[in-house]
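S.K.: mind folding the following:
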Amino acid sequence: MNKRPTILVAGILDTKGQEIKFLAERVRAAGGEPVIMELSVGAEVGWADISVGQILSQVDQSKEDVFSLDRGAASAVIVKGAIKIAAQLLEQGKLAGMISYGGSMGASMATQIMHTLPLGIPKFMLTTMASGDVSPYVGTRDICLMYPIAEAGLNVVTRTILNNAAAAVVGMASAPELEEADERPLIGCMMFGVTTPCVLRASKYFEHRGYDVLINHAVGSGGRSLEELIRDGFIVGVLDITTHEIADYLLGGVLSAGPDRLTAAGEVGIPQVIAPGGLDLINFGPKETVPEKFLTETDQPGRGLYVHNPTVTCVGVSTEESYRIGEHIAKKLNAAQGPTAICIPLRGWGACDLPVPDKKLGWAGPGPGPVWAPDPNHPQWSLRAGHFIAALRETLDLDKPNLDILLVDKHLNEPEFSDLMSELLEEMLAGTWKKGSHQDLPYIVPFQ
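M.R.: The predicted model follows:
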């Protein structure tokens, strides 16, 4: 690759031409080599380094046919061709970074192309859509979004912003090489605030044994990222301690990771050890955004309301919902091809699910955790856990030699529970795990 990094500068040139041209000039001034790619959906401008015609030749389409379509349909065709050209440039060593400027259409088109570029390739998107929900644009990729103040026009404000953005992407593409480091196998792990003690202890366990641990934040995009990284071959084993994104998916919360959560490890066949971390909660935004249905049920066991901060409100998962979640997870695990164990802590699934205050486990009080519901027959155990286990008992295929369940008379954030999960996964990675491992521990309750 040239010392001057080649930066793909993309945009809808028939409406943002002067801005894209200026952006390319500033990339050159910052030390990069710009290549302008045209994403116009209405007419070809004729001066781009990579024209719409060249892009459409990749998908056997003509400009005339595509420009006769509505903008949405035209953009989909152009993106397909642009993705192919970006891949070719990357293979030829002619793409060290990508930058774009646009409104909603331009941002949608450019970030779709960025999604196909490898992790680590700088991706910089200037769009006024960056002031709102950016999840459709960022998805699960390392895309940098910047709010450019204005959607169009070159003036004292926008020139400064575009100049800064050009310098930023060239700087990222010119970053010094990382020093050589031992390449350690990577463990995938999911964390949320309520499961932090468990996750951090497990992470240290594996780091001391020659592994790196990737801790994803379980906010929807985190779970989707983990599933992608598994399918891309980055992950050798999964400590799926925090699975609450499934509750949000099934019950209408705002942190859903979608229907594919908890599928990749099973499909690929890598070891996985799973817990219901955070599955006691459904997550919403400010309190006024919580659906009325949930607010009218806070007198039911476990349905408590917890205002975490002004922008995050949690509602407890009911016993009936816990059963539904258990059925859903069991069906996912029944399809697993590799070693799989699910560990169920009977004394609570996170910091909000505790019978008494315990700062080490995440709840300082006063009183029990806001979503705690005791089992009348075993007051130290969670009523929610009992319904979840009942669903597993009904649905889980325990005749499979690669699938095991452990009922643990501990809270999820207790050290023993974290160590149990870590030891099981370590055995699986070493190839020594067999179904029934660790069932003889004094705090394991027989699964009957």
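
S.K.: and the strand or helix carrying V170, what's buried?
M.R.: Assessed by DSSP states H and E, V170 sits inside helix 156-173. By 16 or more other C-beta atoms under 10 Å, the buried positions in helix 156-173 come out as T158, I161, L162, N163, A165, A166, A167, A168, V169, V170, M172, A173. Where you see a C-beta, it was placed from the backbone N, CA and C, and this is true even at glycine.

S.K.: wait, the first one sits on E19?
M.R.: Yes. The pair formed by T158 and E19 meets the contact definition of C-beta atoms under 8 Å, at 7.2 Å.

S.K.: hey, what's in contact with both of these two?
M.R.: Both T158 and E19 lack any common contact, where contact means C-beta atoms under 8 Å, 6 or more residues apart in numbering.

S.K.: pull the helix or strand with minimum mean pLDDT from this protein.
M.R.: helix 135-138 (a mean of 84; mean pLDDT, DSSP states H and E).

S.K.: given the helix or strand hosting I344, what are its sheet partners and their directions?
M.R.: Taking DSSP H and E as the definition, I344 sits inside strand 340-345. Strands adjacent to strand 340-345 in the sheet, as given by DSSP bridges, are strand 272-277 (parallel), strand 403-408 (parallel).

S.K.: how long is stretch 405-418 end to end?
M.R.: Using C-alpha to C-alpha, to the nearest Å, the end-to-end distance of stretch 405-418 comes to 15 Å.

S.K.: and it, which residues are buried?
M.R.: I405, L406, L407, V408, D409, K410, H411, L412, N413, E414, F417, S418.

S.K.: one step back: give me the contact list for the least confident helix or strand of the chain.
M.R.: Against helix 135-138 from outside (C-beta under 8 Å, 6+ apart): A107, S108, T111, M125, T127, M129, A130, I143, L145, G220, S221.

S.K.: which of those fall in helices?
M.R.: Judged by DSSP state H, these include A107, S108, T111, S221 as members of helices.

S.K.: now the helix holding V170: average pLDDT?
M.R.: Helix 156-173 comes out with an average pLDDT of 91.

S.K.: and that helix, what does it pack onto?
M.R.: Counting contacts by 3 or more C-beta pairs under 8 Å, 6 or more residues apart in numbering; DSSP states H and E, helix 156-173 packs against strand 6-11, helix 13-29, strand 97-101, strand 123-126, strand 144-146.

S.K.: could the ones you listed go into JSON lines alongside mean pLDDT and distance to E228?
M.R.: Formatted as JSON lines, the helices and strands packed on helix 156-173 follow (pLDDT from 0 to 100; distance: least, C-beta to C-beta, whole Å):
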{"stretch": "strand 6-11", "mean pLDDT": "96", "distance to E228": "22"}
{"stretch": "helix 13-29", "mean pLDDT": "93", "distance to E228": "29"}
{"stretch": "strand 97-101", "mean pLDDT": "96", "distance to E228": "19"}
{"stretch": "strand 123-126", "mean pLDDT": "94", "distance to E228": "15"}
{"stretch": "strand 144-146", "mean pLDDT": "92", "distance to E228": "19"}
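
S.K.: fine by me, thanks again.
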